[in-house]
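Participant: Need a 3D model of the following:
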Amino acid sequence: MTTWIALTTLEGEEAAEALGAAMEERLDPAPVGLGVFEIEDGSGRWEVGGYFTERPDEAALALLAAAFGAAPFAVSELPEQDWVAKVRRELAPVRAGRFFLHGSHDAHKVPEGVIPVLVDAAMAFGTGHHGTTRGCLLAFEALIEAGVTPRRLADVGCGTAVLAIAAAKATGRPMLAGDIDPVAVETAAANAARNGVADRVRVVEAAGFDHPAFAAEGPFDLVFANILKGPLVALAPAMARHVAPGGHVILSGILEEQAGEVEAAYDAAGFAPAAAVAPRISLGEWTTLTLRRRG
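Facilitator: Here you go, the predicted structure:
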């Protein structure tokens, strides 16, 4: 089946979300899928993309772009291809300390003495190949090596639940994972079951800590948050409320030049760098921070 994609960029999350909603409501043919993403370059611009099974109405797209102050839509035809299958073929296993992330097609490559995490390509963020995910796993490895033994753990913005699964396997402790995207929640729960930790990884639909389970099961000794700078900064006060004194947070989704701003927000909320147990990790353009709540 032929698929078309229409992409544009514009300033600000609110405008991007509104444009996405307008595309679904006003276009005929309507998009069968829609994505609204912050461009991870610190510019404050957002990308809005719609997928269509019929060629979209380019005149209508031009009117929407003008109405919302967006750049003109770029419309292109995608080749007929099973993209998930293609990604599965091309994704090689990832080693991050004791953790070995792999797809089902590479199950035969799992070496001895590792903690395997099985995650196939899916319609949710996180196969472990991104520098932010690997950075979080390496930071977690450093905490373990330093003798940190968290008993209450959470993953905010869990995506496919790579981090939650790895933590549940490494510690044997219950893990509370949340994501704002219902597709991610469904994918994360399925991945936990495939990895044999469905009894330890509970997945809820939540924006940040906005679910009663976080208040009921906290305060936490360790929280992962691999999202983006903006949400991380906004979460800092809530993070302080949900992390126990002396507890750690592992933060990523942060560009190198954004790390100082994130550290400042968390310093104001009562966190300090945990350099003695887990140094700042830089992989490519991405930074992972490990911070400890004072007290």
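Participant: quick one: the residue nearest to Gly35 when sequence neighbours are not counted from Glu77, how far?
Facilitator: Nearest residue to Gly35 in three dimensions, chain neighbours excluded: Gly49, at 4.8 Å (CB to CB, 6 or more residues apart in numbering). Where C-beta positions appear, they are placed from N, C-alpha and C, glycine not excepted. Distance, Gly49 to Glu77, using CB to CB, to the nearest Å: 14 Å.
Participant: the more surrounded of those two?
Facilitator: A side-by-side neighbour count of Gly49 and Glu77, using other CB atoms under 10 Å, places Gly49 first with 19 against 11.
Participant: Surely the more buried one forms part of a strand?
Facilitator: Yes: Gly49: assigned to a strand according to DSSP: H, G, I helix; E, B strand; the rest coil.
Participant: Hmm, it is touching Met23, no?
Facilitator: No: with contacts counted by CB atoms under 8 Å, Gly49 stays clear of Met23, the gap being 9.3 Å.
Participant: Need the overlap of contacts for these two.
Facilitator: With contacts defined as CB atoms under 8 Å, 6 or more residues apart in numbering, the residues shared by Gly49 and Met23 are Leu34.
Participant: Please pull out the lowest mean pLDDT helix or strand from the chain.
Facilitator: One helix or strand of the chain scores below all others by mean pLDDT, DSSP states H and E: helix 83-90, with a mean of 50.
Participant: Starting from Ala167, give me the distance back to Ala189.
Facilitator: Taking CB to CB, one finds Ala189 at 16 Å from Ala167.
Participant: what about the helices in the stretch 51-200 of the chain?
Facilitator: Assigned by DSSP state H, counting those that start in this stretch, the helices in the stretch 51-200 of the chain fall at 58-68, 83-90, 131-145, 162-171, 182-194.
Participant: so which of these is the most packed in?
Facilitator: Greatest average neighbour count among the helices of the stretch 51-200 of the chain goes to helix 162-171 (a mean of 27), per mean count of other CB atoms under 10 Å.
Participant: what angle do that helix and helix 131-145 make?
Facilitator: Per axes from the mean of the first three to the mean of the last three CA atoms, to 10 degrees, the angle that helix 162-171 makes with helix 131-145 is 20 degrees.
Participant: So Ala18 belongs to a strand, correct?
Facilitator: No: according to three-state DSSP, the state of Ala18 is helix, so it is not within a strand.
Participant: Just the pLDDT for it.
Facilitator: At Ala18, the model reports a pLDDT of 90.
Participant: and the closest residue in space to it that isn't next to it in sequence, what does it touch?
Facilitator: Distances taken as CB to CB, 6+ apart place Phe68 nearest to Ala18, at 6.6 Å, with adjacent residues excluded. Taking CB under 8 Å, 6+ apart as the contact definition, Phe68 lies against Leu10, Ala15, Ala18, Leu19, Ala22.
Participant: and if you look at Glu263?
Facilitator: Each residue near Glu263 by CB under 8 Å, 6+ apart is listed here: Pro273, Leu289, Leu291.
Participant: pretty sure the last one is in a helix, no?
Facilitator: No: read with three-state DSSP, Leu291 is strand and lies in no helix.
Participant: what's the neighbour count on it?
Facilitator: Leu291: 27 neighbours (other CB under 10 Å).
Participant: Roughly how far does it sit from Ala225?
Facilitator: Taken as CB to CB, the span from Leu291 to Ala225 is 10 Å.
Participant: what is in contact with these two at once?
Facilitator: Residues touching both Leu291 and Ala225 (CB under 8 Å, 6+ apart): Val249, Leu251.
Participant: Including neighbour count and distance to Glu217, could the contacts of Phe68 go into TSV?
Facilitator: As requested, these are exported to TSV (neighbours: other CB atoms under 10 Å; distance: CB to CB, whole Å):
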residue	neighbour count	distance to Glu217
Leu10	18	39
Ala15	15	36
Ala18	16	35
Leu19	22	37
Ala22	15	39
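Participant: Below-threshold pLDDT in the stretch 151-295 of the chain: ranges please.
Facilitator: Across the stretch 151-295 of the chain, nothing is flagged by pLDDT under 70.
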